[in-house]
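**Q** Fold the following.
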Amino acid sequence: MKLRITLLTAATLTAFSFAAHAAEKGTIMIMVNSLDNPYYASEAKGASEKAQALGYKTTVLSHGEDVKKQNELIDTAIGKKSAGHYSR
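**A** Next comes the predicted model:
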């Protein structure tokens, strides 16, 4: 299971790296359900490590299954002109 999460996360972040290749590296916002849940914490950690390995800064946030809060976090990521965001 962890391998699937890591591979999916790596593929997603690799796509971000191609999109931002011509631009200066920025921050990737990583948003997951709950950092208290080992599944989501592992997913956030893997995404963050891969993004940092690609030269990005990361911000990890939790929305706690609150759709309104998730939308607000996505709007914040867009407003801050983040290099990308990963939301689950």
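**Q** For the closest residue to residue 27 other than its chain neighbours, grab the count of nearby residues.
**A** The shortest distance from residue 27 to any residue other than its chain neighbours is 4.4 Å, reached at residue 57 (C-beta to C-beta, 6 or more residues apart in numbering). Heads up, the C-betas are built off the backbone N, CA and C, glycines and all. The local packing of residue 57 (other C-beta atoms under 10 Å) involves 13 other residues.
**Q** list the contacts for the spatially most central residue of the chain?
**A** Nearest to the centroid of the C-alpha atoms of the chain, with distances taken as C-alpha atoms, centre = their mean, sits residue 30, at 2.6 Å. By C-beta atoms under 8 Å, 6 or more residues apart in numbering, the residues touching residue 30 are 44, 47-48, 51, 58-61, 85-86.
**Q** 7 Å - rerun?
**A** Each residue near residue 30 by C-beta atoms under 7 Å, 6 or more residues apart in numbering is listed here: 44, 47-48, 58-60, 86.
**Q** just curious, which of those residues is nearest to residue 24?
**A** Sorting these by distance to residue 24 puts residue 58 at the head of the list, at 15.6 Å, by C-beta to C-beta.
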